[in-house]
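> All I have is the shape, not the residue letters:
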């Protein structure tokens, strides 16, 4: 089976490796090199680097429409799309002989869109999963091939869940290709009435409002860890918090209820309850556990 792989982010790396072992991949399509980091150096996407490492030809057009001829010349049976970042036009979806498959890290039709993992954690969901779906021109609205559900750990961060779902995605896409080869092709229409959307995380959403409840605040911290990080003001200074745990406590929202350098405890009051801060990053410094933080910054709080 010939597969053209279309993807951009780190989430797509394990699926790309898995597909390259299970099928012939004549071409990878990814986004163009972009300026990144403090130096704004022009850097390739993670998928481009992985494709070059695997010895696969890569094209990286500004618009995927510009890769149509390259995709057509690759003569794919299946198009596999993972975390690419653009809507795929019908003219390209019609190229592969079997069809175009998308890997989406949610249980569709819930959490269509750009930030399904973050939104699921932020909303306090207990389960999520991965959907393999047949693509159409609408955002994450194609027929479902199959899905697998997973539990979200009580303290699991976005980064941890992202990696778990990427591993599961790699297993599932190989399973999908095997099913197609056997003629086991399933198409289950999505229930539009159950559809929800996971819009990108806006900058203003990264700020912690201590007036909110402890559980909601901790969910936000988990959803934004390790990036972009939840921003909090503590004693007038700004920090990023990467891990926290809800607990009992009363006080003015944002008030430090307990600070113990020896025990490594920093407890802050919320609108409902309190949180123990477990991992934090001062501006311009590296992230650190709370014991290390208090030894260096505790006297300033």
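Yep, it's here. From a predicted model like this one, the values you see are computed outputs, not experimental measurements. Numbering: from 1, shown residues only.

> For the rest of this, base every contact and every neighbour count on C-alpha atoms.
Will do.

> all helices for the stretch 1-150 of the chain, in order.
13-22, 46-53, 68-74, 90-93, 116-122 (DSSP state H, counting those that start in this stretch).

> Buried deepest among those, which one?
Compared across these, helix 116-122 shows the largest average neighbour count, a mean of 24 (mean count of other Cα atoms under 10 Å).

> Counting by contacts, list what that one packs against.
helix 158-181, helix 214-223 (3 or more Cα pairs under 8 Å, 6 or more residues apart in numbering; DSSP states H and E).

> What average pLDDT does it get?
Mean per-residue pLDDT for helix 116-122: 98.

> okay, now the domains of this structure?
Following automatic domain parsing, one gets these domains for the chain: 2-194, 203-300.

> pLDDT of the last one, averaged?
Pointing back at domain 203-300 there. 96.

> Make 511 the first number, not 1, from now on.
Noted, 511 is the first residue going forward, which turns the last one into domain 713-810.

> How far off centre is it?
Computed by Cα atoms, centre = their mean, to the nearest Å, the chain-centroid distance of domain 713-810 equals 23 Å.

> Out of the helices of the stretch 511-660 of the chain, flag the one nearest residue 679.
helix 523-532 (6.2 Å; Cα to Cα).

> The closest one packs against which elements?
Partner elements for helix 523-532 (3+ Cα pairs under 8 Å, 6+ apart): helix 556-563, helix 668-691.

> can you redo those helices as CSV with mean pLDDT?
What follows is the helices and strands packed on helix 523-532, written out as CSV (pLDDT from 0 to 100):
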stretch, mean pLDDT
helix 556-563, 97
helix 668-691, 98
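
> show me what contacts the closest residue to residue 622 other than its chain neighbours?
With sequence-adjacent residues excluded and distances taken as Cα to Cα, 6 or more residues apart in numbering, residue 622 is closest to residue 707, at 4.7 Å. Applying Cα atoms under 8 Å, 6 or more residues apart in numbering, we find residue 707 in contact with 620-623, 626.

> same deal with residue 660?
Here residue 660 is in contact with 637-639 (Cα under 8 Å, 6+ apart).

> Dump those to JSON lines, plus pLDDT, distance to residue 549 and neighbour count.
Listed next are these as JSON lines, based on pLDDT from 0 to 100; distance: Cα to Cα, whole Å; neighbours: other Cα atoms under 10 Å:
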{"residue": "637", "pLDDT": "98", "distance to residue 549": "39", "neighbour count": "14"}
{"residue": "638", "pLDDT": "98", "distance to residue 549": "37", "neighbour count": "23"}
{"residue": "639", "pLDDT": "98", "distance to residue 549": "37", "neighbour count": "22"}
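
> Relative to residue 552, which of those is nearest.
Closest approach between the contacts of residue 660 and residue 552, by Cα to Cα: residue 639, at 33.8 Å.

> I figured that closest one hits residue 620, correct?
No: counting by Cα atoms under 8 Å, residue 639 stays clear of residue 620, with 10.3 Å between them.

> distance between the ends of stretch 534-552?
Terminal residues of stretch 534-552 lie 30 Å apart, using Cα to Cα, to the nearest Å.

> Mind listing residues that contact it?
By Cα under 8 Å, 6+ apart, the list of residues contacting stretch 534-552 from outside reads 511-518, 529, 553-555, 557-558, 561, 566-572, 574, 577, 581, 584, 594-595.

> Pull out the buried members of those.
512-518, 529, 554-555, 557-558, 561, 568-570, 574, 577, 581, 584, 594-595 (16 or more other Cα atoms under 10 Å).

> Is residue 589 bridged to anything, and to what?
Beta-bridge partners for residue 589, by DSSP bridges, are residue 514, residue 610.
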